[in-house]
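Chemist: quick one, what's the 3D model for this:
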Amino acid sequence: MFPGFGTLKKCPLLEMSLYDTCGTIGDKLRSGRPRKISTGQRTRLKILVNHQAGISLRKIVQKFNVHRKIIQRELIDMGIHYRKKSALRYTEKQIEQVPTRARRLYRTLLNNDFELIMDDEKYFTLTNESMSNNRGFYTSDPSTMPSH
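Modeler: Purely as a prediction, here's the structure:
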């Protein structure tokens with residue numbers, strides 16, 4: 001061993017035979033295992049998934065006819081990660097609307113045989129957003145949120 005290098009000393013005959021067969025003594029780049037999906041499919045996958053809400057890997061897998069883990073690995077290689085939207089805070093205007101909307105809901109249900117149980121959990125926002133707070137989305141830039 002060479003002190004400080006941590007590599008074994010190669011036999012000169014081995015180095016000469018390696019040079020004759022490969023043309024170099026060092027290590028060449030290897031191609032590795034080929035990808036399961038083509039470059040065009042990777043581009044299509046990026047367009048389908050990036051900045052989109054409510055995307056399920058199980059549904060995407062059916063389009064590409066590969067295993068779920070392959071799609072997941074490809075997305076991570078492209079820098080696209082699964083994220084969840086944090087729960088939104090109520091604005092002052094929305095807080096003012098809560099009692100009037102609760103009274104309106106109570107009056108609507110008062111005439112029928114309903115038992116109304118109310119709590120203060122945030123299951124949905126007061127605005128008409130099509131993306132619910134509990135759904136995840138895939139994005140390469142965490143600062144941008146999908147619009148739908």
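Chemist: phi, psi of the one residue sitting closest to the centre of the chain?
Modeler: The residue lying closest to the centre of the chain (Cα atoms, centre = their mean) is Y82, at 2.3 Å. Reported as degrees, to the nearest 10, the phi and psi values for Y82 are phi -80, psi 130.
Chemist: pull the contacting residues for it.
Modeler: Counting by Cβ atoms under 8 Å, 6 or more residues apart in numbering, Y82 touches 136-138. Glycine gets a C-beta too; all of them are placed from N, C-alpha and C.
Chemist: so R83 belongs to a helix, correct?
Modeler: No: under DSSP: H, G, I helix; E, B strand; the rest coil, R83 sits outside any helix and is assigned strand.
Chemist: wouldn't it be in contact with F137 here?
Modeler: Yes: with contact defined as Cβ atoms under 8 Å, R83 reaches F137; the gap is 6.1 Å.
Chemist: between the two, point out the one with more neighbours.
Modeler: Taking neighbours as other Cβ atoms under 10 Å, R83 and F137 compare with F137 leading, 21 against 13.
Chemist: separation between that one and S17?
Modeler: F137 is 56 Å from S17, where distance means Cβ to Cβ, to the nearest Å.
Chemist: try Y82
Modeler: Computed as Cβ to Cβ, the Y82 to S17 distance reads 50 Å.
Chemist: what confidence value was assigned to L45?
Modeler: Confidence at L45, expressed as pLDDT, is 94.
Chemist: can you check the one 5 residues further on too?
Modeler: The model reports N50 with a pLDDT of 88.
Chemist: give me the neighbour count for R101.
Modeler: Burial measure for R101: 11 neighbouring residues, criterion other Cβ under 10 Å.
Chemist: over to V61?
Modeler: The local packing of V61 (other Cβ under 10 Å) involves 16 other residues.
Chemist: and what of K36?
Modeler: Using other Cβ under 10 Å, K36 has 14 other residues around it.
Chemist: list the contacts for it?
Modeler: Contact partners of K36, counting by Cβ under 8 Å, 6+ apart, are 66, 70.
Chemist: got phi/psi on it?
Modeler: K36 adopts backbone torsions of phi -80, psi -30, taken as degrees, to the nearest 10.
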